[in-house]
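Here is a sequence with its predicted model. Questions after.
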Amino acid sequence: MGGNQTWVTEFILVGFQLRREMEVLLFWIFSLFYIFILLANGMILGLICLDPRLHTPMYFFLSHLSVIDISYASNSVPKMLANLVNQNKTISFIPCIMQIFLDIAFAGAECMILVVMSYDRYVAICHPLHYTATMNWTVCIILTITSWACGLILATVHAILLLRLPFCGPCEVNLLFCELLSVLKLACADTWINEVVILATSMFLFVGPLCLMLVSYTYILWAILRIQSGEGCRKAFSTCSSHLCVVGLFFGIAIVVYMVSDSNQPGEHQKILSLFYVLFNPMLNPLIYSLRNAQVKSAFHGALQRKRAA
């Protein structure tokens with residue numbers, strides 16, 4: 001590299017190019033969304049911990065999904081809110097890399113947890129007599145640890161590959177937070193290894209899990225269609241509907257963000273799409289599980305009655 005290049009020690013998060021009044025308005029809107037994410041997912045965690053009826057494998061996995069949603073939003077939203085009210089929109093190099101590391105770790109863990117939840121529903125509906133033996137607590141803990149480990153390992157690989165690259169300007173990240181592809185564009189070296197690993201990660205985190213879940217739900221649908229009673233079919237569908245909605249939301253957003261959108265689309269469009277993962281997905285997941293799940297609603301009403309009686 002030439003001697004006139006300057007090494008980057010911080011990045012500028014460009015964010016939305018809006019008037020000051022609009023940025024303040026967005027600050028309050030995003031703050032309300034973030035508070036709702038913390039409260040809603042915290043409520044799910046509290047109900048699962050306090051209600052013995054929810055001490056089952058399905059809700060054990062759901063508790064980890066809530067932890068991931070809180071962590072995912074907390075990784076990006078506070079800095080995004082600070083940038084909306086501050087003129088200085090910089091982020092140091094290491095915090096930026098850490099933001100990317102945690103972003104990949106939580107996304108990877110969420111993908112794997114969703115796969116584990118689909119397997120749990122497969123065993124519950126297709127092999128109900130063996131459910132207790134198959135989904136015992138040892139198996140649940142191993143599956144959960146494996147899910148988190150996959151996310152952390154993938155994030156570590158990407159972080160190491162990113163740290164080896166030289167960044168010598170420009171230093172503007174055209175998003176509201178540090179994201180792998182946006183930061184990678186700023187490297188002043190060949191990034192083909194990073195791109196290959198990103199492609200492999202996409203196959204592992206999105207295509208692989210999606211195929212596994214499609215297989216699981218194919219077997220589940222076949223098992224449900226063989227149920228004779230209408231009540232049995234309804235009950236079987238109700239146990240899967242919440243998970244199906246969350247899976248559709250997560251992978252639907254992924255398809256829009258990473259497949260439909262391309263480099264030719266305007267930057268503002270990309271910024272809006274990026275908000276779906278950090279704000280809307282963590283906000284909608286607890287809503288789906290609280291509104292579409294009878295046991296969660298029953299646990300919530302029971303908690304309210306106990307509070308009134310106390």
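Nice, thanks for sending it over.

model confidence over the helix or strand harbouring F36, on average?
Element membership for F36, per DSSP states H and E: helix 20-50. Mean pLDDT, computed over helix 20-50, is 91.

buried ones in the following helix or strand past it?
The helix or strand immediately downstream of helix 20-50 is helix 57-85, counting by DSSP H and E. The neighbour-count check on helix 57-85 (16 or more other C-beta atoms under 10 Å) flags 57-77, 79-81, 83-84 as buried. C-beta coordinates here come from the backbone N, C-alpha and C atoms, glycine included.

before we move on, back to that, which positions within the helix holding F36 qualify as buried?
In helix 20-50, the ones that count as buried by 16+ other C-beta under 10 Å are 23, 26-27, 30, 33-34, 36-37, 40-41, 43-45, 47-48.

what's the angle from it to helix 57-85?
Helix 20-50 runs at 160 degrees relative to helix 57-85, counting by axes from the mean of the first three to the mean of the last three C-alpha atoms, to 10 degrees.

same for helix 20-50, what does it pack against?
With contacts defined as 3 or more C-beta pairs under 8 Å, 6 or more residues apart in numbering; DSSP states H and E, the packing partners of helix 20-50 are helix 57-85, helix 281-291, helix 294-309.

Of the ones you listed, which is nearest I97?
Taking C-beta to C-beta, helix 57-85 is the member of these nearest to I97, at 12.4 Å.

Can you name the element that comes right after the longest helix anywhere in the chain?
Secondary structure of the chain per DSSP state H: the longest helix is helix 93-126. The helix or strand immediately downstream of helix 93-126 is helix 131-134, counting by DSSP H and E.

which other helices and strands contact the very next helix or strand once past that following helix?
Where DSSP H and E defines the elements, the next helix or strand beyond helix 131-134 is helix 137-163. Applying 3+ C-beta pairs under 8 Å, 6+ apart, we find helix 137-163 packed against helix 57-85, helix 93-126, helix 180-184, helix 192-202.
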